[in-house]
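Engineer: one predicted model, sequence on top.
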Amino acid sequence: MLEGTLDHFLHNVLPAANDYDDAESLLSRAFRTAGEDPSKCQVEANHAKRRAAEAAIAIDGLADRAAKELGVELKSVRAQVSLLCAIDGNLRDGCIDRVRAIANAYKHSQLHDTTLPIKSEKDVLVVGAGFGIDGYGLGKFGGIEVMVHQSNGDQRKVLADVPYAIAGWIKFLGQHGKQIPPLEVRVCGMRVNG
């Protein structure tokens, strides 16, 4: 059970998350080189935003696979995983919904699903977070990065949502007898297992 989900996790989700992290690193270098003028690193910003969406699509694809393999409702799987999205005991509330929203916004542009925390692809931006946005120690410590601007006015860093969502999936898979190989798994600079 969950063989297909585990295979997708190992061969698509983790590589997509690493590609996204690499794109954020390229964006940081370009931003510094451009004299911290965001308009001079638009290519890198678009690349980071695209890689964030690709990681979100891969992560969100886990729910469909798991629901089918377990024979349960998709909403049930997402609800279970969302309760497991913690690193070092700190739960990142809403990260599964934000990841799903990013995936759907990338595919459809305008969103009409009121359960999603954003309304369109325009709510996924590459901007400077500023002091006090999101949580301490999450994402970058300056510069610009991919952010989600939620309908309720909150802003969240995708560099935090991706590893927390993956941590939740590692725990979910483990609860169903599927262990990730016993290596340290790091996503976007954060250890997500163990």
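Structural biologist: Noted; the coordinates are in hand.
Engineer: what residue of this protein is the furthest out?
Structural biologist: Most distant residue from the mean C-alpha position of the chain: residue 35, 28.1 Å away (CA atoms, centre = their mean).
Engineer: name the SS class of that one, please.
Structural biologist: coil (DSSP: H, G, I helix; E, B strand; the rest coil).
Engineer: same thing with the one 4 residues further on?
Structural biologist: Following three-state DSSP, the label given to residue 39 is helix.
Engineer: show me the contacts for the residue nearest in space to the middle of the chain.
Structural biologist: Centroid check for the chain by CA atoms, centre = their mean gives residue 162 as the closest residue, at 2.6 Å. Contacts for residue 162 (CB atoms under 8 Å, 6 or more residues apart in numbering) come out as 17, 20-21, 52, 55-56, 59, 99, 187-188. (Glycine included, C-beta is placed from N, CA and C.)
Engineer: same question for residue 148.
Structural biologist: Contacts of residue 148 by CB under 8 Å, 6+ apart are 98, 101-102, 117-118, 123-124, 155-158, 161.
Engineer: from residue 60, how far out is residue 9?
Structural biologist: For residue 9, the distance to residue 60 (CB to CB, to the nearest Å) stands at 12 Å.
Engineer: now swap in residue 11 and tell me
Structural biologist: Distance from residue 11 to residue 60, by CB to CB: 16 Å.
Engineer: of these two, who's got more company?
Structural biologist: More crowded of residue 11 and residue 60, by other CB atoms under 10 Å: residue 60, with 20 against 11.
Engineer: okay, and the nearest residue to that one once chain neighbours are set aside sits in which element?
Structural biologist: Nearest residue to residue 60, sequence neighbours excluded (CB to CB, 6 or more residues apart in numbering): residue 103, at 4.2 Å. Per DSSP states H and E, residue 103 falls inside helix 95-108.
Engineer: who's in contact with the closest residue to residue 177 other than its chain neighbours?
Structural biologist: Of all residues not flanking residue 177 in the chain, residue 1 sits nearest, at 7.2 Å (CB to CB, 6+ apart). Neighbouring residues of residue 1 by CB under 8 Å, 6+ apart: 69-70, 176-177.
Engineer: do residue 107 as well
Structural biologist: Here residue 107 is in contact with residue 57 (CB under 8 Å, 6+ apart).
Engineer: let's see it at 7 Å
Structural biologist: Residues counted as contacts of residue 107 (CB atoms under 7 Å, 6 or more residues apart in numbering): none.
Engineer: for the helix or strand hosting residue 147, give the mean pLDDT please.
Structural biologist: Assigned by DSSP H and E, residue 147 falls within strand 145-149. Strand 145-149 shows a mean pLDDT of 91.
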